[in-house]
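Colleague: Sequence and computational prediction follow.
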Amino acid sequence: MKCPNCGAEMKEGRLYCEKCGEDIHIVPDFEPELELNLEQSLGNILKDVAQDGAAKEKAESQKGKRDTRFRTFFGWIGIGVLVIFLIAGGIRIFQHYSIDYQIDQAKKAVALGQYEKAVGYYTRARELDQFNVGLKLDLAEVYFLQNDKEQYEYWLNDIVSDPKTDAEQLGSAYGKLIAIYRAREDYQTIHDMLMRCDNEAIRSTYQSYMAEAPQFGVPEGSYTEVKALKLTVTGNGIIYYTMNGSTPDEASERYTAPILLENGYYNVKAIFVNAYGVTSEIASAEYHISVEQLETPEINVDAGSYTIPVMITVMNDAGNIYYTTDGSTPDLTSTQYTEPIPMPLGHSTFKFVRIEAGRSSIVVERTFTLEMEAEFSPEQAVDAVRETALRSGKILDDDGHFDDTAACYQYHYLHVIRLDETQDYYVVAEILVDIEGIPARTGNYFAIDVHTGLCYKLQIEGGNYGVFANP
């Protein structure tokens, strides 16, 4: 056999050419009939295979359709369940982040008395709107209903310190807090709380609980005139003060009238204690008063004992001089000196001072004792004048009536005088008391001799005693 590639002779049984290495493919020769039978057999086999495949494909197709229907059914069920879960979850999320829902649930819980739940809902609402002061008030009310006094008070204090609290909310919170502290009689806490409040309407409403420091009517400083220092406060209570810089307390001087600041240095301190016993802070002011001294009154007689009547006279300028006869310090309400003053019988103390434009002179004091020899007393002198009036018919009875009305004349002893440097007389004034009981001097004066008891008519003009005449 030759190699089909190179033509070299090949040994039998060889499957490749030893010369060129080419593989030798031996194809058997088939008979046409055998080939036809083989083709038919192969065709039948292919047909059977095709039929089996079609049947199998059909069966599998029917099974697939059934599986698809089941898968679709359960798929829709799964989708529905998923949708339900998604809707429920969405609702829960919406509720969790809805402030209106939280507030509505809180109110329902309060109505049912479920205060713990209400606290939870309001707390969540505050997380959603932390700047809502109204929610704090609602939460405080729940704690009040729950009788949780500590939390109730805490939230009310939080509200009054919150700058976002409006006037109405602030008034409500202050009112509730004051009710708490008033029930405890803790008036100091009420005072401290109101002193921190800058809302004038609230401070005015609860003014009685406050103890503000006294206000000084005269600004501190140096002055060249006497000052009347007025201390004022708002509300009921007592002002206590000192003038030497010491700390005032309830044992200090009580303020009842303006304090007269005369020549000198003053360190005035004052406190106010209100009706609830709360003490204010200390108010203080310093004053230096340097007033030009007014001329001191000069009196013509010295203090001492006397046996004859003496007229007390101011020797220098007699203007703006005031005096007293009971030992008290004279002021603008005292008797003003206008003319010589007869020395009273017995013991007396005179004080004189000059007062001008708020300034005062040095006070001059004189103490006198007048004891004189006399056969008649002042009371007998009055009786003598009354008897003279009865004899003359001026009066009809000892009570001094002169007609059928209630009007009458009365006679009052005034003082004793010396005339002509030798003779002493009691001076008695006539008084008319009208039908309404109002007394007034008639201008008639009588002089009664202290030794003889004789009665004379006396004329007085400008402090000068005139000539006697028979009454």
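Modeller: Sure thing, it's come through.
Colleague: Neighbours of the closest residue to F350 other than its chain neighbours, how many?
Modeller: Nearest residue to F350 in three dimensions, chain neighbours excluded: R366, at 4.7 Å (Cβ to Cβ, 6 or more residues apart in numbering). In short, each C-beta sits where N, CA and C put it, glycine included. Residues near R366, counting by other Cβ atoms under 10 Å, number 18.
Colleague: looking at this, R366 is in a helix?
Modeller: No. Applying DSSP: H, G, I helix; E, B strand; the rest coil, one finds R366 to be strand, outside a helix.
Colleague: let's have the chain start at 30 instead
Modeller: New numbering, starting at 30: the last item is R395.
Colleague: Does it touch A332 like I think?
Modeller: Yes. If you go by Cβ atoms under 8 Å, R395 and A332 touch, sitting 4.7 Å apart.
Colleague: returning to what we had before: state the distance from the residue nearest to F379 to P326.
Modeller: R395 is 10 Å from P326, where distance means Cβ to Cβ, to the nearest Å.
Colleague: Need the overlap of contacts for the two.
Modeller: Common neighbours of R395 and P326, counting by Cβ atoms under 8 Å, 6 or more residues apart in numbering, are F381.
Colleague: Just the terminal-to-terminal distance for stretch 387-403.
Modeller: For stretch 387-403, the first-to-last residue distance is 45 Å (Cα to Cα, to the nearest Å).
Colleague: Please apply the same query to stretch 340-356.
Modeller: Termini of stretch 340-356 sit 19 Å apart (Cα to Cα).
Colleague: That stretch: which residues count as buried?
Modeller: 340-341, 343, 347, 349-354 (16 or more other Cβ atoms under 10 Å).
Colleague: Now render those as TSV, adding distance to G204, pLDDT and secondary structure.
Modeller: Shown next, in TSV, are the buried residues of stretch 340-356 (distance: Cβ to Cβ, whole Å; pLDDT from 0 to 100; DSSP: H, G, I helix; E, B strand; the rest coil):
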residue	distance to G204	pLDDT	secondary structure
M340	73	92	strand
I341	68	95	strand
V343	66	95	strand
A347	65	88	coil
N349	58	92	coil
I350	60	96	strand
Y351	55	97	strand
Y352	59	97	strand
T353	55	96	strand
T354	60	93	coil
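Colleague: domain parsing for the protein?
Modeller: 128-238, 258-318, 333-399, 407-494 (automatic domain parsing).
Colleague: Could you save these as a markdown table and add columns showing distance to I108?
Modeller: Below are those laid out as a markdown table (distance: least, Cβ to Cβ, whole Å):
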| stretch | distance to I108 |
| --- | --- |
| domain 128-238 | 28 |
| domain 258-318 | 74 |
| domain 333-399 | 102 |
| domain 407-494 | 114 |
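Colleague: Tell me which of the ones you listed sits nearest to V247.
Modeller: V247 lies closest to domain 258-318 among these, at 5.0 Å (Cβ to Cβ).
Colleague: re earlier: now flag whichever of the buried residues of stretch 340-356 is closest to Y455.
Modeller: Checking the buried residues of stretch 340-356 one by one against Y455 (Cβ to Cβ), the nearest turns out to be M340, at 15.2 Å.
Colleague: which intervals of the stretch 30-179 of the chain have sub-threshold pLDDT?
Modeller: Scanning the stretch 30-179 of the chain for pLDDT under 70 picks out 30-31, 33-34, 36-37, 39-100, 102-104, 107, 109-112, 114-121, 123-125.
Colleague: Show the residue spans covered by the helices in the stretch 330-479 of the chain.
Modeller: Counting by DSSP state H, counting those that start in this stretch, one finds helices in the stretch 330-479 of the chain at the ranges 407-421.
Colleague: quick one, helices of the stretch 80-229 of the chain?
Modeller: 128-140, 144-157, 162-174, 178-189, 196-212, 216-225, 229-234.
Colleague: Which one, of the ones you listed, ends up nearest to P373?
Modeller: helix 216-225 (55.6 Å).
Colleague: The closest one versus helix 196-212: what angle between them?
Modeller: 160 degrees (axes from the mean of the first three to the mean of the last three Cα atoms, to 10 degrees).
Colleague: Name the residues of helix 216-225 that are buried.
Modeller: 216, 218-220, 222-223.
Colleague: ok, V445 - contacts?
Modeller: V445 neighbours (Cβ under 8 Å, 6+ apart): 338, 371, 374, 399, 401, 407, 453-456, 479.
Colleague: Could you check how far the closest residue to E459 other than its chain neighbours is from A418?
Modeller: Distances taken as Cβ to Cβ, 6+ apart place N473 nearest to E459, at 4.0 Å, with adjacent residues excluded. Distance, N473 to A418, using Cβ to Cβ: 10 Å.
Colleague: which non-adjacent residue is nearest T353?
Modeller: Counting by Cβ to Cβ, 6+ apart, the residue nearest T353 is P359, at 4.8 Å.
Colleague: Kindly apply the preceding question to T218 instead.
Modeller: Per Cβ to Cβ, 6+ apart, closest to T218 is Y210, 4.9 Å.
Colleague: Roughly how far does E465 sit from Q439?
Modeller: 15 Å.
Colleague: typo on my end, it should be D360
Modeller: Distance from D360 to Q439, by Cβ to Cβ: 31 Å.
Colleague: show me what contacts the closest residue to Y203 other than its chain neighbours?
Modeller: Nearest non-adjacent residue to Y203, counting by Cβ to Cβ, 6+ apart: I231, 5.3 Å away. I231 makes contacts with 199-200, 203, 223, as judged by Cβ under 8 Å, 6+ apart.
Colleague: Dump those to CSV, plus pLDDT.
Modeller: Listed next are the contacts of I231 as CSV, based on pLDDT from 0 to 100:
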residue, pLDDT
L199, 91
G200, 91
Y203, 93
L223, 93
